[in-house]
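**Q** Sequence and predicted structure are below.
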Amino acid sequence: MTTSAIELLDVKKRYKNTEALQGVSFSVEQGEFFGLLGPNGAGKSTLINIMGGLVNATSGVVKVMGHDVVRDYRMSRSKIGVVPQELVYDPFFSVWEMLVIQSGYFGLGRENHGWINELLETLKLSDKRDENLHNLSGGMKRRVLIAQALVHRPSVVVLDEPTAGVDVELRRALWEFANRLHSEGHTILLTTHYLEEAESMCDRIAILNKGSCIALDGKDRLIEKSSWRVAVVTDKLAGSEDLFSAALSSAVVSKSRNSTQLRISRDEAAAKNMLQKLSSLGVSDDKIQLREPTLEEIFLTMTADKVIV
């Protein structure tokens, strides 16, 4: 049986009166491109910090490539590289010096210099190798953080909001590099607020909310398993306030000048009831089109305290 790249079993984390993680369990298989999604405060960063050995869980088991992050922390940390969301760097060193120091943390010396040079070339940092980190642009600093995470050749790479605050060109370059890592056999765990990125790149997705894992599946299965579809209403009444009466307001997905998009249950009786409500507002059947929800719409619905009509 193949060892999972990441294994979480009933992981809990408590800060005084706050329970940041409430028994999270899932595994990421070797070679997967895995998405970890959730609103701010859902527990994503806490979970990543536990995987990387920066924070200890209150209880539960976390393993990286089969190595317990507490009992076998040296091996577990050698198997994972984390690219943090924040631009954390030491302003007193050059790019080369920082990567050599980072390499030394894992017991690697001159024998790793060739790999460092390869990283600099791949990430287009070769001409910045002697630059002080303090003088680099935000985009270049982010590239250095990626190099730091990869300097010890980890099997598992965690990308925590890697494209937050970057321009379009760098965003594209980062995703090309992430896809290259994945194609070379690395396991990728991605957190992002750009759900179209997760939808296009990830094999499976876990959704965290309020410290609990509320969904775990392939993106297509998440859509198939949703209890609702989207009714796109294109009618002269679609933009009127009448459509947002108490009977329908909780079903609204989005509203524009020319259309209103509503959640409509897959249950036949409930769907019929919704269509009757629309008909009573003067909306004819030919002004209603049904479609499957997007991952973003499912995410927003699952993490919002709303009742689906």
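**A** Nice, I can see it.
**Q** Could I get the average pLDDT for the strand or helix carrying Leu170?
**A** Here Leu170 sits within helix 168-183, counting by DSSP states H and E. The average of the pLDDT scores along helix 168-183 is 86.
**Q** List the buried residues of it.
**A** Leu170, Arg171, Ala173, Leu174, Trp175, Phe177, Ala178, Leu181, His182 (16 or more other CB atoms under 10 Å). Quick note: C-beta positions are derived from backbone N, CA and C, even for glycine.
**Q** How about stretch 88-106?
**A** For stretch 88-106, by 16+ other CB under 10 Å, it's Tyr89, Phe93, Ser94, Val95, Trp96, Met98, Leu99, Val100, Gln102, Ser103.
**Q** how far does it stretch from start to finish?
**A** 19 Å (CA to CA, to the nearest Å).
**Q** Now do that stretch, average pLDDT.
**A** 89.
**Q** which other residues reach it?
**A** Outside stretch 88-106, the residues that touch it by CB atoms under 8 Å, 6 or more residues apart in numbering are 77-78, 109, 112-113, 116, 119-120, 125, 128-134, 136, 141, 144-145, 147-148, 151-152.
**Q** And the residues you listed, which of them are buried?
**A** If you count burial by 16+ other CB under 10 Å, the buried members of those come out as 77-78, 112, 116, 119-120, 125, 128, 132-133, 136, 141, 144-145, 147-148, 151-152.
**Q** who does the host helix or strand of Val158 pair up with?
**A** Assigned by DSSP H and E, Val158 belongs to strand 156-160. Using DSSP bridges, the strands paired with strand 156-160 are strand 80-83 (parallel), strand 187-191 (parallel).
**Q** picking that back up, of the contacts of stretch 88-106, which belong to helices?
**A** Among these, the residues falling in helices (DSSP state H) are Arg77, Ser78, His113, Ile116, Leu119, Leu120, Lys141, Val144, Leu145, Ala147, Gln148.
**Q** Okay, now stretch 115-135: how far is its last residue from its first?
**A** Stretch 115-135 has an end-to-end distance of 24 Å (CA to CA).
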